[in-house]
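A.B. asks: Please find the sequence and the predicted model below.
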Amino acid sequence: MRKCVIVGLIVILSGCEKNEIDTEGKVIWGPNPVALINDREVQLDWLDYSTYNEVLLPYEILDPDKFEIYISKNDFPNFTKLIELDNDKEYSYTVTGLDNNQPVYFYMTSEKKGFDKLTSDTIMVIPNKEKAPIDLTVQNDNHTIASVSVAHGLGKIAYVDKYYSWEGGENCCMTVSVLISNLDGSQPELLDINAYEPCWSPNNNEIVFRTENNEINSGNGTPSQIALFDYSSKSITKLTNDTVFNYAPVFSNNGEMVLYQSTKGVTDVYSTNIWLIDLKSLEKTQLTDLENSELMSFGKADWIDNENYIFHATKQNYKKQIYSSGINANTIEKVIESVWNDYCPSISPDDKTIAFISDRSGTNQIWIYNLDTQKYKQLTGYRDNEYISESWTRIEWIDNQNITFTINENKFVKQRIE
């Protein structure tokens, strides 16, 4: 009997030694779910390819054994487990039977024996039937069409080509430039080199833009100015003459004022205030006061009317949220607040709907927010091979039902919101 007990203990101990897991110098990766929407369904993809691109790490990255998907449909933020999946190396799962135009929330976990469970951030998704955008201009020659502004009365667009080049012998160059073309991209004409962020005036006579042309880098970066292009005379007039960074100009609805961002008076060059130029007097007025706010930066303003404007700002947690203010106001009002990044707001002509960029569903997509109903609509999120850049995408309204924006920095599209 004593011999059997000893043998049994040996078996148990050897079994424990065999099942021990050496975790030293090893980690598992956590899922970062990305949602692709469709009619009454959502496809979740979560492989973080960057984990396989890391080199010279002081640890080894291991693939998880299992994943869990949690869902909240009608009682957010309460979640229930939707499914547990063995790692089949596909890193994708389609959730069906959802209600169109109703928000759904997901988060995921990854598990491996011997390691702590890792939990992803929560994403927000709104499935709906795909409304394919109408391609207006497509660049297929390694050039870009970004930051597009439309002159509807002329059938023209002004846009940024990040790789504009010209022949000049030893002086041959390639640089970010603003061009003007027909709506379909034909007959492009150079507005200026070292130029960014064009915006047509309401009467289609002028373009305001950011320029670094003929500016000298003083060691802290090349200053940028706000400039005005006269479409008839083809002349360019600089509206600012600073040693700071001025950018993202936008005309008021009456064409008499311009909002823009500036690092003037800000100690951190990565932070900006919103400024105003009166085009009649050329007087410049600082509208926001970053130093006396709880925010880290103001950016990408757009007019609501000739008095009020909407913009995004960076909070102390580095998340960007959407606010509004007025050129004669001392207050800032929250418009859209969330746990995600919401940027580049643009309001419809009837002031009822905001189109904006958000990473709510895991990647930057175009979202719609109705100010009357306070409901959201996810406008894009159908393809995993397309992206929308908050830095190079400009959202403009054609009317109360249609907007324009760029995809992949090479495709300019029109999209109906309903």
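C.D. replies: Structure's in. What do you need?
A.B. asks: Now do the contacts for residue 96.
C.D. replies: Residues in contact with residue 96, defined by CB atoms under 8 Å, 6 or more residues apart in numbering, are 40-41. All C-beta spots, glycine's among them, are computed from the backbone N, C-alpha and C.
A.B. asks: tell me the phi and psi of it?
C.D. replies: Per-residue torsions, residue 96: phi -110, psi 170 (degrees, to the nearest 10).
A.B. asks: Next: residue 292.
C.D. replies: Per degrees, to the nearest 10, the backbone of residue 292 is at phi -110, psi 30.
A.B. asks: Relative to residue 329, how far out is it?
C.D. replies: 15 Å (CB to CB, to the nearest Å).
A.B. asks: for the chain, what spans make up the helices?
C.D. replies: 2-19 (DSSP state H).
A.B. asks: so where is it shaky, pLDDT-wise?
C.D. replies: The chain contains residues with pLDDT under 70 at 1-23, 48-57, 168-171.
A.B. asks: can you list the domain ranges for it.
C.D. replies: 21-125, 134-416 (automatic domain parsing).
A.B. asks: before we move on, the earlier item: looking at residue 292 and residue 329, which has the bigger crowd around it?
C.D. replies: residue 329 (13 against 6; other CB atoms under 10 Å).
A.B. asks: What sits closest to the more buried one if chain neighbours are left out?
C.D. replies: residue 308 (7.6 Å; CB to CB, 6 or more residues apart in numbering).
A.B. asks: Wait, the one you found touches residue 331, no?
C.D. replies: No - using CB atoms under 8 Å as the test, residue 308 is too far from residue 331 to be in contact (11.2 Å).
A.B. asks: what touches both of the two?
C.D. replies: By CB under 8 Å, 6+ apart, the residues touching both residue 308 and residue 331 are residue 325.
A.B. asks: Looking at those two now, which is surrounded by more residues?
C.D. replies: Using other CB under 10 Å as the criterion, residue 308 and residue 331 rank with residue 308 on top: 16 against 8.
A.B. asks: Residue 300 reaches residue 342, doesn't it?
C.D. replies: No - using CB under 8 Å, residue 300 is not in contact with residue 342, being 10.8 Å away.
A.B. asks: any common contacting residues for these two?
C.D. replies: residue 312.
A.B. asks: Of those two, give the one with the bigger neighbour count.
C.D. replies: residue 300 (28 against 23).
A.B. asks: which residue sits closest to the more buried one, ignoring its sequence neighbours?
C.D. replies: residue 344 (4.9 Å).
A.B. asks: and if you look at residue 202?
C.D. replies: Using CB to CB, 6+ apart and skipping residues adjacent in sequence, the residue nearest residue 202 is residue 255, 4.6 Å away.
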